[in-house]
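Asks: coords please:
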Amino acid sequence: MEVKLNSNLSKGEKIQVLTIAPQSWSRKRVSTKFNVTEYMARKAWDLTLVKRILAIPGSQIVNKISQEAQKVQQYCSNIEPSLHNYAACVYEENWWIELVSELNKEEGDYTIEFIHPYGPSETFYWPERQDECPVPSQHIICVIETPETASHTGRLYKFGATSKKKIDDSWNTFKESC
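Replies: Okay, the predicted model is just below:
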């Protein structure tokens, strides 16, 4: 998915919006995802990671977060999971549901535990033997809700309509971009 920044924004405002992109992303990925120059991505990276400045202070009324920045922040939160979040990822040309068990910021990946089978499926289950591996952040396609128990034994799980739609949309977007 590419997010185009509003063409009415000044260069400085675009850089300001780019400071809220996930820190685990490379400058190349930021420039590609937001359709901006690598120079702008580098300037935002410099502000955020080197100088430790988030260029959009939300607490000051004068510098409210723009609608453009809110859209970018919402987009990024949809694909940047936190510890113990459920997410959908791409692995071996299929999408899988996973639970994030470890964040590896330095390597730019996550250690995840897969729920079986790969999607789409009506129900999922945890395998008897833990199925865990590192997954690069660019293979995460969306963060989803915690599943509901789908059986009286508590071994089968299902995801709600909101999560299913989010996965379908993200999966289709991912396939189109490849």
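Asks: use CA for all of it now, contacts and neighbours both
Replies: Will do.
Asks: hmm, who's touching the lengthiest helix in the chain?
Replies: Assignment by DSSP state H gives helix 161-177 as the longest helix of the chain. Helix 161-177 has contacts (C-alpha atoms under 8 Å, 6 or more residues apart in numbering) with 1, 88, 95, 141, 142, 144, 145.
Asks: which residues of this protein fall in strands?
Replies: 86-91, 94-104, 109-115, 124-125, 132-136, 140-144, 148-149, 156-158 (DSSP state E).
Asks: mean neighbour count, the ones you listed: which tops it?
Replies: Most buried of the strands of the chain, by mean neighbour count (mean count of other C-alpha atoms under 10 Å): strand 140-144, with a mean of 25.
Asks: averaged pLDDT, that one. What do you get?
Replies: For strand 140-144, the mean pLDDT works out to 91.
Asks: and that strand, what does it pack against?
Replies: helix 67-79, strand 86-91, helix 161-177 (3 or more C-alpha pairs under 8 Å, 6 or more residues apart in numbering; DSSP states H and E).
Asks: worst mean pLDDT among those?
Replies: What stands lowest among the helices and strands packed on strand 140-144, in mean pLDDT terms, is helix 67-79, with a mean of 60.
Asks: which of the contacts of helix 161-177 sits closest to residue 80?
Replies: residue 142 (7.5 Å; C-alpha to C-alpha).
Asks: in the sheet, who's paired with the closest one?
Replies: residue 88 (DSSP bridges).
Asks: wait, what's in contact with it?
Replies: 78, 79, 80, 81, 87, 88, 89, 166, 167, 170 are the contacts of residue 142 under C-alpha under 8 Å, 6+ apart.
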